[in-house]
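A.B. asks: I would like to see how this sequence folds:
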Amino acid sequence: MKVLQVELDQGRGYPIYIGSGLLAQPELLTRHIRSKQVVVVTNETIAPLYLSALQATLSAYQLETVVLPDGEQYKTLQYLEKIFDHLLAKKFSRNSTLIALGGGVIGDMGGFAAACYQRGIAFVQIPTTLLAQVDSSVGGKTGVNHPLGKNMIGAFYQPQCVIADADVLDTLDDRQLSAGLAEVIKYGLIRDPEFLQWLEANMPLLIARDKAALAYAIERSCANKAAVVGEDEFESGVRATLNLGHTFGHAIETGSGYGHYLHGEAVAIGTCFAADLSRRLGWLNDKDVERIVALFKAARLPVTPPADMTPEQYVDLMAVDKKNVDGKIRVILLKQVGKASLPVNVDLDPLQATLKGYVG
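C.D. replies: Next comes the predicted model:
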């Protein structure tokens, strides 16, 4: 087992446990639980697979479960309220602990519920998708979607620990695995060119679910994420670079209807948009863009945008983004392969040129 540490001020740092068979090691979990009251928030896909094992591990606790529908379309205030209803009905106190058992949607919703319930209770992330293990479970971003914008209602709220058990990826379908690889590739593009080269050489092993290759990719991705979050917890600077491709990607997710594209799929398309725009600004050349697109294709990810979304629709949706300032659309671009820019104010002319001209 590997243990990485997210270093935060005021003693709020926490460990990321990475390895196989971790769900069968109760001490990893119980050392972070504050009282006898524990609630597990999960979804209808994950509950039949892993909930019983967790219940056995926590048999000495007053354990409650909230099982939500599976999918981005349920990441709403309406379904968040079901968690609060259960906690209040069972009279859970401020010393209780919430465990988020699932992918990014469950982690975001569970974390936001923990941040809000009685002004904050402890929570633990047990991510069950590759995307959640390498990205969304680390860093404390929590929240829900709004019909007009993805992740527009939320809070920064850090977990007590993250338990990334690689064995749970055995039940992950191929589409979800590829979606997670989009966020893995991101780390190579924004700050780790050596890792990017490794990914280009080893993508066939990752697609084939080679255990050693996946374990290395998870560890390296989490190390990158932990370093960025430790430097800039509240995204006032370098943490914004983690959003490469996300402004375009969020527009795709919102415009096409939540749940149509997986988050990683939308990020892959969005990163190709960002690479194209970086080329138009003179920061990348044609070969750089071709290299990036080729890697996403090797990961079996989409690289072409939805045919039914217009450039005007993108611009309208991208205007609702947390990075924007004073009404200006701001995006993360690539200064070079392996080095991201901080948020860039984008003029409409090159943006429109990318939106109209990018063909994948």
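
A.B. asks: So what touches stretch 345-352?
C.D. replies: Stretch 345-352 has contacts (C-beta atoms under 8 Å, 6 or more residues apart in numbering) with 277, 280, 281, 311, 315, 325, 328, 329, 330, 331. In short, each C-beta sits where N, CA and C put it, glycine included.

A.B. asks: What are the buried residues along it?
C.D. replies: Neighbour-count burial for stretch 345-352, counted by 16 or more other C-beta atoms under 10 Å, picks out 346, 351.

A.B. asks: returning to that earlier point: wait, which of the contacts of stretch 345-352 is closest to residue 133?
C.D. replies: The shortest approach to residue 133 among the contacts of stretch 345-352 belongs to residue 331, at 26.0 Å (C-beta to C-beta).

A.B. asks: so that closest one sits right up against residue 275, yeah?
C.D. replies: No: taking C-beta atoms under 8 Å as the definition, residue 331 is not a contact partner of residue 275, at 11.5 Å.

A.B. asks: For the most centrally placed residue in the chain, give me the backbone phi and psi.
C.D. replies: In the chain, the centroid-proximal residue (C-alpha atoms, centre = their mean) is residue 136; its distance is 3.0 Å. Backbone torsions of residue 136, given as degrees, to the nearest 10, read phi -70, psi -20.

A.B. asks: Near the closest residue to it other than its chain neighbours, how many other residues are there?
C.D. replies: Closest residue to residue 136 apart from its sequence neighbours, by C-beta to C-beta, 6 or more residues apart in numbering: residue 104 at 3.9 Å. Per other C-beta atoms under 10 Å, the neighbour tally for residue 104 reads 26.

A.B. asks: next one: residue 56
C.D. replies: Quick note: residue 56 (other C-beta under 10 Å) scores 11 neighbours.

A.B. asks: That one: which element?
C.D. replies: helix 52-57 (DSSP states H and E).

A.B. asks: elements contacting the helix or strand following that helix?
C.D. replies: Reading on from helix 52-57 to the C-terminus, the next helix or strand found by DSSP H and E is strand 62-68. In this structure, strand 62-68 makes packing contacts with strand 37-43, helix 77-89, judged by 3 or more C-beta pairs under 8 Å, 6 or more residues apart in numbering; DSSP states H and E.

A.B. asks: okay, these, which one's buried deepest?
C.D. replies: Using mean count of other C-beta atoms under 10 Å, the stretch among the helices and strands packed on strand 62-68 with the greatest mean number of neighbours is strand 37-43 (a mean of 24).

A.B. asks: so the nearest residue to residue 93 once chain neighbours are set aside bridges to which residues?
C.D. replies: What sits nearest to residue 93 in space, not counting adjacent residues and going by C-beta to C-beta, 6+ apart, is residue 37, at 6.3 Å. On the basis of DSSP bridges, residue 37 is bridged to residue 62.

A.B. asks: Now the terminal residues of stretch 329-349, how far apart.
C.D. replies: Distance between the two ends of stretch 329-349: 12 Å, counting by C-alpha to C-alpha, to the nearest Å.

A.B. asks: buried residues in it?
C.D. replies: 329-334, 337-338, 340-341, 343-344, 346.

A.B. asks: And for stretch 159-176?
C.D. replies: Those would be 159, 160, 161, 162, 163, 164, 165, 166, 168, 169, 172, 176, for stretch 159-176 by 16+ other C-beta under 10 Å.

A.B. asks: just the helices in this protein please.
C.D. replies: 26-30, 52-57, 77-89, 104-116, 130-131, 174-190, 193-207, 211-231, 246-256, 263-280, 286-298, 311-318, 348-357 (DSSP state H).

A.B. asks: Now render these as TSV, adding distance to residue 18 and mean pLDDT.
C.D. replies: Formatted as TSV, those follow (distance: least, C-beta to C-beta, whole Å; pLDDT from 0 to 100):
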stretch	distance to residue 18	mean pLDDT
helix 26-30	11	93
helix 52-57	18	92
helix 77-89	27	98
helix 104-116	16	98
helix 130-131	12	98
helix 174-190	14	98
helix 193-207	16	98
helix 211-231	5	97
helix 246-256	24	93
helix 263-280	19	96
helix 286-298	23	98
helix 311-318	34	90
helix 348-357	37	87
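
A.B. asks: Turn the ones you listed into TSV, columns for distance to residue 6.
C.D. replies: What follows is the helices of the chain, written out as TSV (distance: least, C-beta to C-beta, whole Å):
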stretch	distance to residue 6
helix 26-30	16
helix 52-57	23
helix 77-89	24
helix 104-116	14
helix 130-131	18
helix 174-190	15
helix 193-207	19
helix 211-231	5
helix 246-256	20
helix 263-280	21
helix 286-298	27
helix 311-318	30
helix 348-357	34
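
A.B. asks: what residue of this protein is the furthest out?
C.D. replies: residue 60 (31.7 Å).

A.B. asks: mind listing what that one touches?
C.D. replies: Here residue 60 is in contact with residue 36 (C-beta under 8 Å, 6+ apart).

A.B. asks: distance of it from residue 86?
C.D. replies: According to C-beta to C-beta, to the nearest Å, residue 60 and residue 86 sit 20 Å apart.

A.B. asks: cool, residue 290 as well?
C.D. replies: 50 Å.
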